[in-house]
Structures are given as C-alpha cells and as structure tokens.
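# predicted model follows, preceded by the sequence.
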Amino acid sequence: MKKQISILLISILVLASCSKNRFKINTDKVDLNVKIERFDQDFMQMNPAHLNESVLSMRKKYGDFFDRYTANIVRMGSPDSANYIPRLTGFLRDSMVREVFKETQKVFANVSDIQKETNDAFKYVKYYFPEKKIPRIAMHISGFNQSIVATKDILSISIDNYLGADYAPYKGIVYEYQLQNMTRSKVAPDILLGYLMSEFPVENTGSLLGCILSRAKILYLQSIFMPQRPEQDVMGYTKAQEDWCVKNEKNMWNFLVENRQLYNTSQLICAKYINPAPFTSYFTQDSPGQAGIWIGVQIIKSYMDHNTSVTLPELMKDTNYQRILEESKYKP
C-alpha cells in the first residue's frame, strides 16, 4: 500500500511540474506603467473654430502618429495641403462620425481594466525582452478601418472595431464569422498581438510548416504574456471552436502528414490553413478558420515543454522549423 501511495504521489508531482508555466512571473516586481492615451477624445474634441491651433497642439502631443492618422486612416492628406483644414472640419462635424464616436464613449468610458491587463502583458515583454522598446498605447476611431496602427513611438487601437458582436452597423461591412472578435474583451489581446507582430515579423519561409510555426511562435508568446487568458482567446476562438480542435487534433495532424502538406510551398495552400475564414477548407465546415496555426501552437508548446533550456528570445530567433518539429516530439 505504501509503495502504491508513493508511486501515486510521484505521478502527481510529475504532472504538476509539467503543467506549471515556467515563464510565469510576478508582474508586481517589474517596474512599468503603461497608460492608455485617449487620442480618440483629444481628436474629436478639437474645436473646428480654432483648428490651426488644435492641429499644432495635437502634433506636439502625438508626434508623427497624428500625421499618420490624418493622412492614412481618415484620409485627409498632408497637414500642409490647402484642403486639409476644410476636410478636417468636415470630418469633425460629420453626423455619422459623431454617432460612432458617441457609441465608443459608452463602451469605453472606463478603460482601467484594459489598461491593467495591457500593462501586465507588457511587463512580460520588458522582463523577457529588455532590449525591446515599450510603445505608448493609445485609442482612436478609424471609421471601421484597420484595427492597429503603429509608428516608432505609439501603438494605437481602433476602438470602433470593438463595439460588440450585436452592433448593428457591423452587419453590412464585415463577415459573420468576424463578429465574435469585435468585442471589448478583445482589445487588450489585440494590442499585445499587434505589438508582437510588429516586433517579430512573420518570415516568408516557403513551406506550410514554416508558415504555421512562425505564426504560432507569436501566439505562444501572447499566451505566455497573458496567462490569465484561456487558449481560445489567443486564437480568437469560441469555446466550441477550441473544443472542436482538441477533439480533432489527431485527425488534422494525420491529414497534414498523410497528404504531405507540411512541406508544400504553395502560398495558396498555406493561406487556406492560416488566413482568417469561417472554417479551414482542408478540414470540415465544422472546423474554425486558421486551424493550421492552432496545430502550430500545439507543436511549439510541445517543443518548449521538451526543451526546457530554450529561452523565449532563443525561440523567436530560431527559424529551423524542421528541427523544432523533430525536437517537439509532437504526437497528438
């Protein structure tokens, strides 16, 4: 009996050690204070009667981000052009723009929770990648344009893209499958994801294996830096979509191996496994989109679990994806 208890105890300890996140840190010990700047409010509160002065003030406060925003996001051209002030005046007075801004102020009246989660995530960045520059974080509205805008100093998120899956104006401008990620709860993860993608550009590796693993490394970092988030949040999946992947993991992997997809260099085939879509076409219509990346994340997790001396910076620099696969001992 004692021997059986001892074996059971050892088994429990082994399982506990395997499941422990070796990268988890006490964020209270990392000196960082990321504040979310409300560019959206500063911009929309500019006085149309005194725009020249307001523009100078905004350019001083936000630097080249202000110019990038007005030129590329809301498309008013250069601040030096003759039509700039009239276009800016029209934008600030536009009833549809004002209505969207009003809605964002309801949903994002208080962003202290988003700020805390973002700050904690960037503490991980500072701890594991001390050489990386932590940007200023801001919020803006874009007229449902691109979600993340990054300059050398500022990373800003378009909060009018996160007003909730039931926000009526979305129905005519996005696909149904995209709505589940257009919610307030996705703002902090998308800020971090946007930063990681800008700091660790995805390599053009040529093969499907490289495509899925280079992207999976970024999502693996995101899961490490937001340990309170379940894996489904990292992938942008619902619980049902995550459950489908878990249940069908072996079948998906067998399909990739048996059909020799891993070393296929077709960009079209790669896109079908990694691009956002209602489902992954090589599997079934019950599958979520980007299931190839989900498989990649499982491989990276297995690799890091079996190679505990590998650091996060070493992982991100490593582009030998064949060796990573072999040393992952991945067997779903």
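On my side now, so go ahead. Numbering: from 1, shown residues only.
# domain-wise, how is the chain divided?
The chain resolves into domains spanning 29-199, 208-328 when parsed by automatic domain parsing.
# Asn21 is nearest to which of the ones you listed?
Asn21 sits nearest to domain 208-328 of all the domains of the chain, at 5.9 Å, using C-beta to C-beta. All C-beta atoms are positioned from the backbone trio N, CA, C, and that covers glycine.
# could you give the mean pLDDT of the closest one?
The average pLDDT within domain 208-328 is 96.
# and the strands in the stretch 51-200 of the chain?
For the stretch 51-200 of the chain, the strands defined by DSSP state E, counting those that start in this stretch occupy 136-140, 148-150, 154-158.
# looking at the ones you listed, which is buried most?
With neighbours defined as mean count of other C-beta atoms under 10 Å, the strands of the stretch 51-200 of the chain peak in mean count at strand 154-158, which reaches a mean of 24.
# quick check, central residue of the protein?
Leu193 (2.6 Å; C-alpha atoms, centre = their mean).
# in contact with it, which residues?
Applying C-beta atoms under 8 Å, 6 or more residues apart in numbering to Leu193 gives the contacts 218-219, 222.
# go with 10 Å
By C-beta atoms under 10 Å, 6 or more residues apart in numbering, the contact set of Leu193 is 121, 147-148, 186, 218-219, 221-222, 225-226, 234, 236.
# those residues into TSV, with extra columns for distance to Asp28?
What follows is the contacts of Leu193, written out as TSV (distance: C-beta to C-beta, whole Å):
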residue	distance to Asp28
Ala121	14
Ser147	30
Ile148	28
Lys186	26
Ile218	26
Leu219	26
Leu221	21
Gln222	21
Phe225	15
Met226	16
Val234	23
Gly236	29
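# tell me the one of those residues nearest Lys331?
Using C-beta to C-beta, Leu219 comes nearest to Lys331 of these, at 20.8 Å.
# and the closest one, how many neighbours?
Using other C-beta atoms under 10 Å, Leu219 has 21 neighbouring residues.
# distance from the helix or strand encompassing it to the middle of the chain?
Counting by DSSP states H and E, the element that carries Leu219 is helix 208-225. Offset of helix 208-225 from its chain centre (C-alpha atoms, centre = their mean, to the nearest Å): 11 Å.
# and the very next helix or strand once past that helix, what does it pack against?
Once the chain leaves helix 208-225, the next helix or strand it forms, by DSSP H and E, is helix 231-235. Contacts defined by 3 or more C-beta pairs under 10 Å, 6 or more residues apart in numbering; DSSP states H and E place helix 231-235 against helix 187-199, helix 208-225, helix 239-247, helix 291-306.
# pick the most buried one from these.
Of these, helix 208-225 is the most buried (mean count of other C-beta under 10 Å), at a mean of 24.
# show me the contacts for Ala165.
176, 178-183.
# again, only using 6 Å
For Ala165, the contact set (C-beta atoms under 6 Å, 6 or more residues apart in numbering) comprises 179-180.
# and it, how close does it get to Ser185?
Ala165 sits 11 Å away from Ser185, going by C-beta to C-beta, to the nearest Å.
# what's the answer for Met226, then?
Taking C-beta to C-beta, one finds Met226 at 12 Å from Ser185.
# of the two, which one has the most company?
Met226 (20 against 14).
# these two touch, right, that one and Ala121?
Yes: with contact defined as C-beta atoms under 6 Å, Met226 and Ala121 form a contacting pair (5.4 Å).
# looking at the helices and strands packed on helix 231-235, spot the one closest to Val100.
Val100 lies closest to helix 187-199 among these, at 16.1 Å (C-beta to C-beta).
# can you give me the angle that closest one makes with strand 154-158?
Taking axes from the mean of the first three to the mean of the last three C-alpha atoms, to 10 degrees, one finds that helix 187-199 is oriented at 130 degrees with respect to strand 154-158.
# and helix 187-199 with helix 208-225, angle?
Helix 187-199 and helix 208-225 are oriented at 130 degrees to each other (the same axes, to 10 degrees).
# chain center to helix 187-199, what's the gap?
With C-alpha atoms, centre = their mean, you get 4 Å for helix 187-199.
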